[in-house]
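S.K.: would you be able to build a 3D model of this:
(chains A, B, C and D)
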Number of protein chains: 2
Amino acid sequence: MSHSTAQMQAASKRRARRVTINDLADSLGLAKGTVSRALNGYPDIAETTRARVARAAERMGYRPMAQAQAIRTGRARSLGLVLNTGNADLHRPFLTDFLDGISRAASEETWTLTVATANGTEDEVTSMERLVDERKVDGFILPRAMYNDPRVALCRDRGVPFILYGRTGDPEDCAWFDIAGEDAMQSAVRLFAAAGHRRIGFINGARKYTFAHLRYDAFVAGMAEAGLAVTPETIAEGVLDIAAGESAGARILRADPGLTAVVCAMDLAALGLYRAAERLGRRVGRDLAVISYDGLPQAEIADPPLTTFAVDNRAAGQRLARLLIARIRGADPVHLRELAPARLIERASHLIEVSPAAAGPPTDFA
Amino acid sequence: MSHSTAQMQAASKRRARRVTINDLADSLGLAKGTVSRALNGYPDIAETTRARVARAAERMGYRPMAQAQAIRTGRARSLGLVLNTGNADLHRPFLTDFLDGISRAASEETWTLTVATANGTEDEVTSMERLVDERKVDGFILPRAMYNDPRVALCRDRGVPFILYGRTGDPEDCAWFDIAGEDAMQSAVRLFAAAGHRRIGFINGARKYTFAHLRYDAFVAGMAEAGLAVTPETIAEGVLDIAAGESAGARILRADPGLTAVVCAMDLAALGLYRAAERLGRRVGRDLAVISYDGLPQAEIADPPLTTFAVDNRAAGQRLARLLIARIRGADPVHLRELAPARLIERASHLIEVSPAAAGPPTDFA
DNA sequence: TCCCTTGCCGAAACCGGTTTCGAAGCCGAC
DNA sequence: GTCGGCTTCGAAACCGGTTTCGGCAAGGGA
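M.R.: Below is the predicted model:
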């Protein structure tokens, strides 16, 4: 039926034709169906046969061709991730760790990661459609969950498994993983309140993302808990980059010159605030305290180094991948929901002297 | 033979079974082989038939299943990229743009991007092997080309197409794309020399990467051209991150306190140099001029903002993807080699007063 | 009119796997 | 000794495409 296996042994391994399941079956004197079942743990294969097949597969370096499996099983064994580069800065610093986490977890199950990019939401959905129509991926990781997320709508409509990085407005049938940014916001307020701050500003992200809702509510709750007044003019919303952070920062700083502390929902916002403060003759870490969220590398470089709640994106990627694979294998999404905490990295930006009335080290809240 | 198409029309589109080439053939009354050839531009199909098939495919939303094609053609239509996270910082800031460039170019040809990660070089090669054995990818983009690159050895050995981002020691049979970092280094030296600097230091990357050889030679050439002496104690090698940049910076600054300018092969090195300078009571942009290379976002945040040669990683990704696809389709690697320039972004770190003898605006060299 | 191209398409093999179905062989029970 | 059941495997269908091969009909030249 085929190419002499003896000849294959003799030939140097390089450039050799792949060894297929037929080669394996031939050399074992078994039917290829039998070999397939032996390799895939079917119960109707004798234990001795199974071992013999496994040994031969190992020896001959047999690795099943993924596509050939996919065509019958319908599983590409690939996770999809589409990055929206419309707001590239949102991903930038996260990405390496995030990808590493995903692909590491995927590898463990011999799955792979397919990534695509898109500009804007519409393009994003189009990319996703192509990926599922061509059966290149079995499911999606959806980063930056939006309150009203068209990607979720698509997946529901097409019956494609997915997992959100973040939460969404209507979580029914959604599997998700998220970091409790809201807890971080509340901790930040507590920390400031305990340090004696009375006038605390807030720079939030854009409401289209769910996290902005959560963090806003948490900020307000934290203020209420501390018995502090929330004044709308010292709250900025919709800030997603440094430039917006700068103008928003300038606005709230001017609205209330008595502001001594600002909580930022994102490091980029805080970095913008740094600039605004400088322009207004104020200095972060000396007469303006800042606590932020994300843990970007820029935050460490900043002057003064930014105190921020850091997110472990590698771990997040791992969890997301594992949860998605479980989802693809049929697990109930209700059981695939996890919330992890952010970790406070105390640097210099939150330490200023406010009032002698304040007592106790702020580190209690780490 | 099959499922009533009328029924399919009636049913809501959601969750519908994929439309296969058989469905298409049935509904057209053609053999599926004919449909396939029509779609793939075979010459033995009548023009009217081809048009009819194309229209039907469009109308029914037919999208061939990638894996089924791959099994016969041997093409997965997927580009492989394995990221080495052992030195995560090397990728970090590049990644979003880079991935965007690759996947954008890939999409144009309806290819996709498969990414994997690895720790260390050995793991990297293992990951690559799995990808090609399972036929998940048709070729690789190899970022951060090394002088002696085991990934290249693997690809050659297995006959797998690849393209280097960077150059390598033995370029035979290699397709590559690179940014002319050496030109940037030489320009930096010229710029400093023209501004009157006489004592110029250099912080280089690690020699295992080819770029470090090229940039070293270019630095030396630039110094010779300007008639300046190269002193080994003001040259540091092997710097790949901020910490190493700091200690290397301290060393050369102490070795020659008369140093007024430093060329850095990487922004991270420059950022480390900032810290070293500060510790030694010197200030970049006032009594120490710095020009670097990469164009990281951190460089803009730094104080003072870092003058640096920026790399357009999106464009690089695009070119790499296009070249790799050409390579996979059989183009001769000798014709797949490109060199692109870096672009100088003048900020504040290179502007200091040195000697009144110097004349002429430095911008001549941008 | 006949023959030979040429254009166009159907039929079937093929790719490398998975899954279904049925049958052979062995065993113990009756 | 026969029968039934269980274990174990071979054979073949199948998945959704691509590619080869051959045949039919139309057209052109002699």
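S.K.: and stretch A:123-140, anywhere near DNA strand C?
M.R.: No - shown here: stretch A:123-140 not in contact with DNA strand C (Cβ under 7 Å from any atom of the strand), separated by at least 13.1 Å. Where C-beta positions appear, they are placed from N, C-alpha and C, glycine not excepted.
S.K.: chain neighbours aside, what residue packs nearest to whichever residue of the stretch 151-300 of chain A sits closest to DNA strand C?
M.R.: Here the residue of the stretch 151-300 of chain A nearest DNA strand C is A:Pro161; by Cβ to the nearest atom of the strand that distance is 17.5 Å. Of all residues not flanking A:Pro161 in the chain, A:Gly139 sits nearest, at 3.6 Å (Cβ to Cβ, 6 or more residues apart in numbering or on different chains).
S.K.: so what pLDDT did the one you found get?
M.R.: Looking at A:Gly139, its pLDDT stands at 97.
S.K.: show me what contacts it?
M.R.: By Cβ atoms under 8 Å, 6 or more residues apart in numbering or on different chains, the residues touching A:Gly139 are A:Leu79, A:Gly80, A:Val160, A:Pro161, A:Phe162, A:Ile163, A:Leu324, A:Arg327, A:Ile328.
S.K.: follow-up on the earlier one: show me what contacts the residue of the stretch 151-300 of chain A closest to DNA strand C?
M.R.: So A:Pro161 contacts A:Asp138, A:Gly139, A:Phe140, A:Cys155, A:Ala175, A:Leu324, A:Arg327, A:Ile328 (Cβ under 8 Å, 6+ apart).
S.K.: next: A:Val82.
M.R.: Here A:Val82 is in contact with A:Val115, A:Ala116, A:Thr117, A:Ala118, A:Glu124, A:Ser127, A:Met128, A:Leu131, A:Phe140 (Cβ under 8 Å, 6+ apart).
S.K.: of the residues you listed - the most surrounded one?
M.R.: Counting neighbours by other Cβ atoms under 10 Å in any protein chain shown, the top entry in these is A:Thr117, with 28 neighbours.
S.K.: which phi and psi does it have?
M.R.: phi -130, psi 160 (degrees, to the nearest 10).
S.K.: same check on the one 4 residues further on?
M.R.: Dihedral pair for A:Thr121: phi -70, psi -40, per degrees, to the nearest 10.
S.K.: quick one, phi/psi of the closest residue to it other than its chain neighbours?
M.R.: Excluding the flanking residues, the one nearest A:Thr121 by Cβ to Cβ, 6+ apart is A:Pro150, at 5.7 Å. Torsion angles at A:Pro150 (phi, psi; degrees, to the nearest 10) stand at phi -60, psi -20.
S.K.: same question for the one 5 residues further on.
M.R.: Here the main-chain torsion angles of A:Cys155 (degrees, to the nearest 10) amount to phi -60, psi -40.
S.K.: list the contacts of it.
M.R.: A:Cys155 neighbours (Cβ under 8 Å, 6+ apart): A:Met128, A:Phe140, A:Leu142, A:Pro161, A:Phe162.
S.K.: for it, give me the pLDDT.
M.R.: 96.
S.K.: that one and A:Ile102, how far apart?
M.R.: 17 Å (Cβ to Cβ, to the nearest Å).
S.K.: quick one: secondary structure of whichever residue of the stretch 101-250 of chain A sits closest to DNA strand D?
M.R.: Nearest residue of the stretch 101-250 of chain A to DNA strand D: A:Arg135, at 8.1 Å (Cβ to the nearest atom of the strand). Secondary structure, DSSP: H, G, I helix; E, B strand; the rest coil: A:Arg135 is coil.
S.K.: from A:Glu129, how far out is it?
M.R.: 12 Å.
S.K.: settle it for me: which of the two has more neighbours?
M.R.: Neighbours per residue, other Cβ under 10 Å: of A:Arg135 and A:Glu129, the larger number sits with A:Arg135, 21 against 15.
S.K.: can you give me the neighbour number for the closest residue to A:Ile325 other than its chain neighbours?
M.R.: Leaving aside its sequence neighbours, A:Ile325 sits nearest to A:Glu109 (Cβ to Cβ, 6+ apart; 5.8 Å). Neighbour count of A:Glu109, defined by other Cβ under 10 Å: 13.
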